[in-house]
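Visitor: structural data only, the sequence is not supplied:
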């Protein structure tokens, strides 16, 4: 746009440009459709209304170019038929719009515009800039420009507004894609649409590095959707992604790179917790994520503490996502052991190494009242005292003795000089602590930072050039004036925390459906606290009375709740406390079915559940109990196993058992009573029988005798095997301990064995319990030779009575077979393999 005006000699010319209101972002670059035409009409109407308002306020000429009275023949503004100079568009393609009434030509570019107009010539030779570059415009947006000249502080009429529309361009860089779901083998990403800059986004390009981490990216997804699920990934592995948007004008820049990990195994063992700070009754601990854990993986932690004085071992004190926790309600100067366990959806880690921390000692109690010992002298005297009854948990190393000197007369003031300063002191009746709240020459002041519902007392003293204090002491104070601040709602509740199971004494407490909390009483701000309102989620808040602890019941098992509390008085509810996260425990498990897997006269092997003992990460424990002689059930096993062998039992006796399952939620109910009975024991194995030759065809077999077993008689069963290939057959059964066997054949082998049989007298009928047989004894019958010499008789007697066990023969055969096998193996190793 250009223009030429005349001005008085010596006056200065000024040029001014004004940018009108802009349309919202993403406007279209042409007015072919109906919507664009209506938008343009509304804009023109708004522009005219604004010019009319400006006329009323500034008493300026109309905004449209028209002839106005002027000292010269030319208009004080734009002349008719003047053209606007072109605007440079650089390398961007330009387009022209013909919205103005003048024959103007306007070129536009996306980011900046060059607006030009003609130079105003005057009497002087100085010139002015005739163009301006407008930067930081929005793409696909309508803009309107006008120019106004100024001469000797007199402003001319603004030119007619020239309209132009910036071009569309590629979309803005999209934000980072965020993860919405994660498994071992897949990642689901989602993103939001970026600014399209006037051209609708028709596709998104998602690239990834395929988990290589080398900075090279390839296409992962290309399409219109705003989310994508990547599958067939490796567990516990990181993948880097970046996103770009595309419209008809081109592709946007890629977003920043983001790294996401697939879920994998349970966390590694974390480092031991560190002590951040220690107090008399608390320890503040801090821990870090396990090494190698991805930054985007959610890890929770269990902080366990062991108090050696309690004897309960390690018990959990905190379960959550934070990396710090303050353990409270501890004893002073006491050593505690801590360890931390990390867990995720895949399982728990092993506990960290145990560390020990000690709480601080408390301040000691007051010593006894000092007393004077001995004679009081003019300049000295001796005092003694007893140590305090409570040393605070640590040895006392220092005593501090204070002395106050009495004043020897009323204070004096040096008068005769006007007052130049006032000092105002304030103190509370409850504490009697004085502090100066004002010092100056004014006769009034405002005291802030007071508490509601409190009584404050004030006293004033004056000072002059001689000062407020002299050798006689401080100057006098005025009478005390008491003021009371109005009451208000209670202060915020502090020290809200969850109570552990050991701290809860209510018989109705169940860690699966209840949460116990406690807090400290806040300042009532001058109005008595009437109760508290507890908010713990979507349910209606619970209102309780003047208590400092409460048991929230009726909750869902294994659920996390956010709990906060506010105090109530007659003026309303105070602010909520900080929010704490508490989690109910799972329901205790039901008892398993108890079975007897194996039994004997003195043992019972019991079995429950399925399978053997589970992994250490399984928190279920089993408690097996047995009824004693007094009819009480006593514990005989507690642990994770699924079998237990009860030993040292009596035969033919019934025993009662019951079992219960336990986990972190507590002990489950006891099972029904199970009754299992041990059977009667069989007789013990007898020693090998003894054989004595009577004659060539008769021998006598004898064996050891057993006593009756709990009133049941014992009989014996004798068997014989004739030759080598036959079977044992019974030749005697009865109570005797010897038997004479006849019908022996010469030069024939006989093997004898014997067992004891217990004859049980049962109510249901007679029952025999057969014990194991003794080792067999070999006997060979031979003809008796006439006695020739004494040596022959000795040999004959030894030959007749000689016997040998079958087990010796079997051992010899087995040894020969082993030697032969070893020899064959050596031959194969040497000749075949080598």
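Guide: Received, thanks. Every value quoted in this text rests on a predicted model; they were computed, and no experiment measured them. Residues are numbered from 1 along each chain as shown.

Visitor: quick check: closest non-adjacent residue to residue 511.
Guide: In space, and not counting its chain neighbours, residue 511 is closest to residue 585: 4.3 Å by C-beta to C-beta, 6 or more residues apart in numbering. For the C-beta atoms, the positions are set from N, CA and C on the backbone; glycine is no exception.

Visitor: how near is that neighbour to residue 397?
Guide: In this structure, residue 585 and residue 397 are 46 Å apart, going by C-beta to C-beta, to the nearest Å.

Visitor: what ranges does this protein have for its helices?
Guide: Counting by DSSP state H, one finds helices in the chain at the ranges 34-58, 790-801, 806-827.

Visitor: so the closest residue to residue 722 other than its chain neighbours bridges to which residues?
Guide: Residue nearest to residue 722 in three dimensions, not counting chain neighbours: residue 750, with 6.0 Å by C-beta to C-beta, 6+ apart. Going by DSSP bridges, residue 750 is paired in beta bridges with residue 722, residue 779.

Visitor: count of residues packed around residue 750?
Guide: When neighbours are defined as other C-beta atoms under 10 Å, residue 750 has 21 of them.

Visitor: pretty sure it contacts residue 779?
Guide: Yes. Proximity of residue 750 to residue 779 meets the contact threshold set by C-beta atoms under 8 Å, at 4.5 Å.

Visitor: so who does the residue lying closest to residue 534 once chain neighbours are set aside touch?
Guide: Taking C-beta to C-beta, 6+ apart as the measure, residue 534 lies nearest to residue 542, with 4.6 Å between them; neighbours along the chain are not counted. Listed by C-beta atoms under 8 Å, 6 or more residues apart in numbering, the contact set of residue 542 reads 533, 534, 536, 550, 552.

Visitor: ditto for residue 433
Guide: Contacts for residue 433 were tallied using C-beta under 8 Å, 6+ apart; they are residue 427.

Visitor: which one of residue 585 and residue 397 is surrounded by more residues?
Guide: In this view residue 585 and residue 397 are compared by other C-beta under 10 Å, and residue 585 has more residues nearby, 20 against 5.

Visitor: doesn't residue 558 make contact with the more buried one?
Guide: Yes. Here residue 585 reaches residue 558: they are 6.8 Å apart, a contact under C-beta under 8 Å.

Visitor: where do the contact lists of those two overlap?
Guide: Counting by C-beta under 8 Å, 6+ apart, the common neighbours of residue 585 and residue 558 are residue 512.

Visitor: please tell me how far the residue nearest to residue 511 sits from residue 202.
Guide: Between residue 585 and residue 202 the computed distance is 52 Å (C-beta to C-beta).

Visitor: circling back to that earlier point, wait, what's in contact with the residue nearest to residue 722?
Guide: Contacts for residue 750 (C-beta under 8 Å, 6+ apart) come out as 699, 720, 721, 722, 741, 744, 778, 779, 780, 781.

Visitor: let me know the closest of the residues you listed to residue 807.
Guide: Nearest to residue 807 among the contacts of residue 750, counting by C-beta to C-beta, is residue 778 at 11.0 Å.

Visitor: okay, that closest one: pLDDT?
Guide: Residue-level confidence at residue 778 comes out at 91, pLDDT.

Visitor: wait, doesn't it sit right on residue 749?
Guide: Yes. In this structure, residue 778 is within contact of residue 749 by C-beta under 8 Å, at 6.2 Å.

Visitor: neighbour-wise, which of the two wins?
Guide: Applying other C-beta under 10 Å to residue 778 and residue 749 shows that residue 778 carries more neighbours, namely 17 against 13.

Visitor: any idea of the pLDDT on the residue nearest to residue 511?
Guide: Per-residue confidence for residue 585 comes out at a pLDDT of 85.

Visitor: return the helix or strand in this structure with minimum mean pLDDT.
Guide: Ranked by mean pLDDT, DSSP states H and E, the helix or strand of the chain with the weakest confidence is strand 13-19, at a mean of 37.

Visitor: now the residue nearest to residue 722: how far from residue 692?
Guide: Taking C-beta to C-beta as the measure, residue 750 falls 13 Å from residue 692.

Visitor: please apply the same query to residue 561.
Guide: Computed as C-beta to C-beta, the residue 561 to residue 692 distance reads 90 Å.

Visitor: which one of these two has more residues nearby?
Guide: Using other C-beta under 10 Å as the criterion, residue 561 and residue 692 rank with residue 561 on top: 20 against 14.
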